[in-house]
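[1] Return a 3D structure for these sequence lines:
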Amino acid sequence: MTISAIYEAGSDDEVLDLLLAELQRRLPDNEGEDLDQFVGRLAHLPGGLRAMAATYQLDVSIVLDDLGCHFANWHNLAYARETLAGLRELNMIELADIFEEALEIA
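    Residues are numbered from 1 along each chain as shown. Okay, the predicted model is just below:
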């Protein structure tokens, strides 16, 4: 993924496709990988991609369940901290505050 490829993208969907392809390239199928390893791999990503990768499962959880289920399914403090940092990186401050409070309770 290059800056010129982003500028040449004709739509938001094309930019999203570029971002998702770059994440897939940098974080190939991690099925079976434990969360500590995943968090370690996140550290090597640029800030925006790191934030997207760290918050992806929260996005899915909120759509399908709730924060309680998210913490039950993704019970790893380092990963939760990465998710929180990702929310802040993406300027999702209100959601980050809610997530942080829920994390303290969990």
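[2] any idea how far residue 42 lies from residue 61?
    18 Å (Cβ to Cβ, to the nearest Å). All C-beta spots, glycine's among them, are computed from the backbone N, C-alpha and C.
[3] repeat for residue 100
    Distance from residue 100 to residue 61, by Cβ to Cβ: 16 Å.
[4] any residues touching the longest helix along the chain, and which ones?
    In the chain, ranked by residue count with DSSP state H as the criterion, the top helix is helix 47-64. Identification of contacts with helix 47-64 by Cβ atoms under 8 Å, 6 or more residues apart in numbering yields 19, 22-23, 26-27, 42-43, 45, 67, 69-70, 73-74, 79, 82-83, 85-87, 89-90, 92, 99.
[5] circling back: looking at residue 100 and residue 61, which is more packed in?
    residue 61 (19 against 15; other Cβ atoms under 10 Å).
[6] for residue 98, what are its contacts?
    Listed by Cβ under 8 Å, 6+ apart, the contact set of residue 98 reads residue 67.
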